[in-house]
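*Asks:* coordinates for the following, if possible.
(4 chains)
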Protein chains: 2
Amino acid sequence: MPVAEPRAAKTRRRTRIQAEREELILEAALEVFSAHGFRGATIDQIAEQAGMSKPNLLYYFQNKEVMHRMLIDRLLETWLEPLRRLDAEGEPLTEIRSYIRRKLEMARDYPRESRLFANEILQGAPRIADEMEDLKKLVDEKARVISRWIERGKLARVDPYHMIFSIWATTQHYADFDAQVCKVLGPKRSGEGRFEDAARYLDQLFLGGLKP
Amino acid sequence: MPVAEPRAAKTRRRTRIQAEREELILEAALEVFSAHGFRGATIDQIAEQAGMSKPNLLYYFQNKEVMHRMLIDRLLETWLEPLRRLDAEGEPLTEIRSYIRRKLEMARDYPRESRLFANEILQGAPRIADEMEDLKKLVDEKARVISRWIERGKLARVDPYHMIFSIWATTQHYADFDAQVCKVLGPKRSGEGRFEDAARYLDQLFLGGLKP
DNA sequence: GAAAAAATTGACCGGTTGGTAAAGATTACA
DNA sequence: TGTAATCTTTACCAACCGGTCAATTTTTTC
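*Replies:* Model (predicted):
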């Protein structure tokens, strides 16, 4: 009888080792995928990063795509959280300011996740059509919130969609283009302080540009 | 006697066919590299896109890296032109506005070039250390120009480096994250009009955020 | 129009890559 | 403690990929 894939088993519950190893593998996969893209990453690399053999890794994940898909799904969950928290009842400029802060913190704390996502979008988002659907719904909803703020004169008359794009672009830039940012800032300024400088600048830019 | 590589020939001048074919290949290579990244692109794919056999392609370019390098070098030349044109003697807000416009036009007209570059930076810019050096010099120079504008009270007191990053991020976003932008805007708004909407929004954001 | 040079092709090669088969080692549980 | 389930490894394979070779066809040149 062939060895049963653990995740194919129906009701059999996950063992301790399964949970540990899967976590270990996903961590390694994130490291490799975010650095080389889906196509550029090899299973061997991921296995080595995880400290196990390739067949052993494939015992936990049927193939490369399953790993990648699982990472993207996880990522989007936490990635969109800051936008979900944008509160229609809050003070508009404060809400936007908090949103920018949170996004920038995520770029600082989870750059690999940001790059994983960027890699995927850059190549036309071929593997994540479904997830993009949810993303669109969320953005549509929050765009309406922003429109209402504008109607009430709490915000400059800007296009809510492009406003959201500009927040994504400016904050994720510090994760996705980190190599360029550090190179241009030079060794002296490319310590962790760059995120505080960025936060200060983005505050100025957006508060100045968006106030009614 | 082995067939001589045309570009290895010292004084022999390029034939008509050489010029045509090399152009054809670089165009195909841009298409494929920008869509799949360096590692994800295969010579076979590029050859097919260019409508020739793989050995034929390799008759013009020694290997994959040479093609890639040539594309990157060309790209950076035109890519940095808008920043070079930022004129210290001009009216600061007008200069910055023109810079944003030009960058946005480039994102619209040369999205593949933008994605090629983004792919490279995203993976840590391993193949373009030299080019990054030139980039840094140019940015340093222009950052000084911006600082002088600020000293003269022509611009809000912002960090010039982060200001440049934010312009790069917001404009290139429309090329690099095009798949996401179009998905979120939906079919109705994702025609070419999105660039005009973006230009309008970015004008508001930056003029509002940067005026003294 | 013939010889030389340039361009093109099919066949091929060694290394890599995603993934499998099957047997052995370890762990959980009765 | 025995044994069944789980986990791990070695050996392997077929497809792919970057690149070469040698022979053929096309173009240029005299």
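
*Asks:* please make it C-alpha for all contacts and neighbour counts, starting now.
*Replies:* Noted.

*Asks:* phi, psi for the spatially closest residue to residue A:159 that is not a sequence neighbour please.
*Replies:* Distance criterion CA to CA, 6 or more residues apart in numbering or on different chains; nearest residue to residue A:159, sequence neighbours excluded, is residue B:201 at 6.4 Å. Backbone geometry at residue B:201, expressed as degrees, to the nearest 10, gives phi -60, psi -50.

*Asks:* mind listing the helices for chain A?
*Replies:* A:16-40, A:43-50, A:54-60, A:64-79, A:81-84, A:92-109, A:111-122, A:129-151, A:160-176, A:178-189, A:193-210 (DSSP state H).

*Asks:* how about a markdown table for those, with mean pLDDT added?
*Replies:* Shown next, in a markdown table, are those (pLDDT from 0 to 100):
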| stretch | mean pLDDT |
| --- | --- |
| helix A:16-40 | 93 |
| helix A:43-50 | 97 |
| helix A:54-60 | 97 |
| helix A:64-79 | 95 |
| helix A:81-84 | 97 |
| helix A:92-109 | 98 |
| helix A:111-122 | 96 |
| helix A:129-151 | 96 |
| helix A:160-176 | 98 |
| helix A:178-189 | 96 |
| helix A:193-210 | 97 |
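
*Asks:* as a markdown table, these with mean neighbour count and distance to residue B:82 would be great.
*Replies:* Shown next, in a markdown table, are the helices of chain A (neighbours: other CA atoms under 10 Å in any protein chain shown; distance: least, CA to CA, whole Å):
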| stretch | mean neighbour count | distance to residue B:82 |
| --- | --- | --- |
| helix A:16-40 | 18 | 30 |
| helix A:43-50 | 18 | 40 |
| helix A:54-60 | 16 | 48 |
| helix A:64-79 | 15 | 33 |
| helix A:81-84 | 15 | 33 |
| helix A:92-109 | 19 | 27 |
| helix A:111-122 | 23 | 23 |
| helix A:129-151 | 16 | 32 |
| helix A:160-176 | 22 | 19 |
| helix A:178-189 | 17 | 17 |
| helix A:193-210 | 19 | 21 |
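
*Asks:* what's the closest of those to residue B:126?
*Replies:* Across these, residue B:126 has its closest neighbour in helix A:178-189 (9.4 Å, CA to CA).

*Asks:* outside of that closest one, which residues touch it?
*Replies:* A:174, A:190, B:121-122, B:124-125, B:132-133, B:135-136, B:139-140, B:161, B:165 (CA atoms under 8 Å, 6 or more residues apart in numbering or on different chains).

*Asks:* and with 6 Å instead?
*Replies:* Residues outside helix A:178-189 that contact it (CA atoms under 6 Å, 6 or more residues apart in numbering or on different chains) are A:190, B:124, B:136.

*Asks:* now do it against helix B:160-176, angle only.
*Replies:* Relative orientation of helix A:178-189 versus helix B:160-176 (axes from the mean of the first three to the mean of the last three CA atoms, to 10 degrees): 180 degrees.

*Asks:* just the CA trace of helix A:178-189, in PDB.
*Replies:* The C-alpha trace of helix A:178-189 is given here as PDB (Å, rounded to 0.1, in the frame of the first residue of the first chain):
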ATOM      1  CA  ASP A 178      14.700  47.800  -0.100                       C
ATOM      2  CA  ALA A 179      17.800  47.000  -2.100                       C
ATOM      3  CA  GLN A 180      17.500  50.300  -4.000                       C
ATOM      4  CA  VAL A 181      16.500  52.400  -1.000                       C
ATOM      5  CA  CYS A 182      19.500  51.200   1.100                       C
ATOM      6  CA  LYS A 183      21.800  51.700  -1.800                       C
ATOM      7  CA  VAL A 184      20.600  55.300  -2.400                       C
ATOM      8  CA  LEU A 185      20.500  56.300   1.200                       C
ATOM      9  CA  GLY A 186      24.000  55.000   1.700                       C
ATOM     10  CA  PRO A 187      25.400  53.000   4.700                       C
ATOM     11  CA  LYS A 188      24.900  55.900   7.100                       C
ATOM     12  CA  ARG A 189      21.200  56.400   6.600                       C
END
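
*Asks:* return the distance of it from the chain's centre.
*Replies:* Offset of helix A:178-189 from its chain centre (CA atoms, centre = their mean, to the nearest Å): 22 Å.
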